[in-house]
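*Asks:* Fold the stuff below for me.
(one chain, ligands or ions: 1)
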Amino acid sequence: MREDPLADERRRMVEELQRFGIRDERVLSAMGKIPRHLFVPEHIRHLAYEDTPLPIGHGQTISQPYIVALMTEALGLTGQEKVLEIGTGSGYQTAILCELSREVFSIERIPELAKGARERLEELGYGNAHIRVGDGTLGWPEEAPFHRIIVTGGLPEVPKPLWEQLAEGGRLVAPIGGRYDQYLWVYTKERGRAHKRALCPCTFVPILGEHGFPPDEPKKKGPFGLFGPRKTSGEDV
Ligand code: SAH
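*Replies:* Next up is the predicted model:
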């Protein structure tokens, strides 16, 4: 890998993750290795190792390092797993999964983000990443079952297709709740049944799709703006 002027900042980020309670050495080492600054827009690269989410365009965000570490630790990866990720975004979480598991299948709804992530992962040499554009709430049936599933956006509930595509003994980590605030849950599939454990409250961008949230309502245009006169009868226009 090329010389990295931000290595010191990345080391500090990892120390902070340890102080916050992240223990899994493999997770800490992956986060100490992967250049997060290459996954954020150039003008905010100086903020890449702060413990904060950052905008990545198209109204989406790269998650805060602590949450990435917590979710990855909760997956309990050994290096042998086939993993499904919903919400590729920048591809940063994908890179971490690539370091820690056998093969990663990641689905992103926005084609431009998928393209950017694919290019970054290729450049960094992650040949075990497969990225597809589509509705991740439907999963990736041709590649199922998966040992681990991670969803990096908020969902109203666990999508049925994802649960069906999780292997027996497998684990699924996802933020479940409202459109703009959720709780992070870890689900384990034991003899077909779900055992769940809560991690912490969190705020993710919503997953939009068939088993996710509906797409945003288009804003109505008109001479009166949002607070224009109300119609008292008839159809909405
Ligand atoms: N893990 C990402 C952050 C993702 S933010 C990172 O490390 O950068 C959540 C992402 O989910 C966004 O990129 C959003 O476009 C995507 N998304 C929303 N709904 C989706 C769906 N139904 N299927 C796949 N991706 C979806």
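*Asks:* List the contacts of the residue nearest the centre of the chain.
*Replies:* Among the residues of the chain, the one closest to the centroid is Thr152, at 2.4 Å (CA atoms, centre = their mean). Counting by CB atoms under 8 Å, 6 or more residues apart in numbering, Thr152 touches Ser63, Met71, Glu85, Ile86, Gly87, Gly89, Gln93, Phe204. (C-beta placed from N, C-alpha, C; glycine too.)
*Asks:* Next one: the fourth one from Pro41, what distance?
*Replies:* I take that to be Ile86. As for Ile86, its distance to Pro41 is 23 Å (criterion: CB to CB, to the nearest Å).
*Asks:* For the two, indicate the residue with more neighbours.
*Replies:* Ile86 (27 against 14; other CB atoms under 10 Å).
*Asks:* so what's that one closest to, chain neighbours aside?
*Replies:* Of all residues not flanking Ile86 in the chain, Gly136 sits nearest, at 3.4 Å (CB to CB, 6 or more residues apart in numbering).
*Asks:* how deep is the one you found tucked in, by neighbour count?
*Replies:* 32.
*Asks:* Surely it is in contact with Ala114?
*Replies:* No. Judged on CB atoms under 8 Å, Gly136 makes no contact with Ala114 at a distance of 10.8 Å.
*Asks:* For the two, list the residues in contact with both.
*Replies:* By CB under 8 Å, 6+ apart, the residues touching both Gly136 and Ala114 are Glu108.
*Asks:* Show me what the helix or strand harbouring His147 is packed up against.
*Replies:* In this assignment (DSSP states H and E), His147 forms part of strand 146-151. Applying 3 or more CB pairs under 8 Å, 6 or more residues apart in numbering; DSSP states H and E, one finds that strand 146-151 contacts helix 65-75, strand 82-86, strand 166-177.
*Asks:* can you give me the offset of the second one from its chain's centre?
*Replies:* Remark: strand 82-86 is offset 10 Å from the chain centroid, using CA atoms, centre = their mean, to the nearest Å.
*Asks:* same question, the last one
*Replies:* Between the centre of strand 166-177 and the centre of its chain there are 13 Å (CA atoms, centre = their mean).
*Asks:* Wait, a strand at Leu77?
*Replies:* No. Applying DSSP: H, G, I helix; E, B strand; the rest coil, one finds Leu77 to be coil, outside a strand.
*Asks:* sorry, back to before: now do the contacts for the residue nearest to Ile86.
*Replies:* Ile86, Gly87, Ile107, Glu108, Arg109, Val151, Ile207, Gly209.
*Asks:* which ones are touching the fifth one?
*Replies:* Which is Arg109. Gly87, Val133, Gly134, Asp135, Gly136, Leu208, Gly209.
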